[in-house]
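K.L.:
Next input, structure requested:
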Amino acid sequence: MARTSEPLFVKIAHRGASAYEPENTVRSFRRAIELGADMVELDVRRSLDGRLVVIHDSKVDRTTNGRGLVRHKSLAEIKELDAGMGERVPTLEEAFETAAGRTKFVIELKEDGLENQVIKIIKNYCDMRDVFIVSFKPHRLKAVKDLEPVLKTGLILFASADPLRIARICGTDAVAPFRWFITKNLADRARDAGIYLFTWTVDDSEKAARLRDLGVSGIVTNKPDLI
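P.N.:
Numbers count the residues shown, from 1 in each chain. Sure, this is the predicted structure:
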């Protein structure tokens, strides 16, 4: 997804098609692809025995029928849990096995120290040009770039007086402020700077169209069939 002079607008399926299916599950990723998502976003944490599992929260309580911290459970224990509709919490490898070659990926690092392991798995399953690594934490993105400069990174922000300045300091390829803070001026400046401007989470078609017309590079949405 090289930066060009042509307008770019991608639909990034937030934890898969999570408005319709259990979030961060194989079922949700498959549905997102069926609904025309350009990219699938997923969250990665590490289990007690060092496996990378796709789950957003630090605890399993909200998204499964279990209780407790992800990092206190082995992969086998996590696999016993129901993540909704009989789905299991997938490993990062299983997510790639489901969707690699069918869509591109946005991987959010939810913990420190995952970078090397994530990169190794990416190399085993897909073209690195098909992946963005994102985080709210700049030091995680710097670690990714230090290990593998070809991988694209994106800094997620809620608000900032100058998100593009922060993106340049972090050396990221993209910046993603919350949708309330997107303006035409910011979109134009991002384009001139060669930085992708994404925003989150947009589930209203009129708001999505307005953001597209402002010039954002893409939206994160629970409804990839939105536009």
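K.L.:
Tell me the helix or strand right after the lengthiest strand in the chain.
P.N.:
For the chain, the strand with the greatest residue count under DSSP state E is strand 39-46. As assigned by DSSP states H and E, the chain's next helix or strand after strand 39-46 is strand 52-54.
K.L.:
Tell me the gap between stretch 70-79 and the middle of its chain.
P.N.:
Centre-to-centre, stretch 70-79 and its host chain are 22 Å apart (Cα atoms, centre = their mean, to the nearest Å).
K.L.:
now do stretch 135-151
P.N.:
The answer for stretch 135-151 is 14 Å, by Cα atoms, centre = their mean.
K.L.:
ok, and for it, which residues are buried?
P.N.:
By 16 or more other Cβ atoms under 10 Å, the buried positions in stretch 135-151 come out as 135, 137-138, 140-145, 148, 151. C-beta: built from backbone N, CA, C; applies to glycine.
K.L.:
can I get the residues you listed in TSV with pLDDT and distance to S217?
P.N.:
Below are the buried residues of stretch 135-151 laid out as TSV (pLDDT from 0 to 100; distance: Cβ to Cβ, whole Å):
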residue	pLDDT	distance to S217
S135	98	18
K137	96	21
P138	95	20
R140	97	21
L141	97	17
K142	96	22
A143	97	24
V144	98	19
K145	97	19
E148	97	22
L151	98	17
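K.L.:
Can you convert these into TSV and add a column each for distance to I122?
P.N.:
TSV is the format used below for the buried residues of stretch 135-151 (distance: Cβ to Cβ, whole Å):
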residue	distance to I122
S135	15
K137	19
P138	20
R140	15
L141	15
K142	17
A143	14
V144	10
K145	14
E148	8
L151	7
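K.L.:
among these, which are in strands?
P.N.:
Among these, the members falling in strands (DSSP E) are S135.
K.L.:
which one of the buried residues of stretch 135-151 is nearest W200?
P.N.:
S135 (13.3 Å; Cβ to Cβ).
K.L.:
Test my guess that the closest one contacts K145.
P.N.:
No - with contacts counted by Cβ atoms under 8 Å, S135 stays clear of K145, the gap being 11.8 Å.
K.L.:
Next, show the common contact partners of those two.
P.N.:
Counting by Cβ atoms under 8 Å, 6 or more residues apart in numbering, the common neighbours of S135 and K145 are T153.
K.L.:
I'd like the next helix or strand past the least confident helix or strand in the chain by mean pLDDT.
P.N.:
Sorting the helices and strands of the chain by mean pLDDT, DSSP states H and E puts helix 163-170 at the bottom, at a mean of 94. Heading C-terminal from helix 163-170, the first helix or strand you meet, by DSSP H and E, is strand 174-176.
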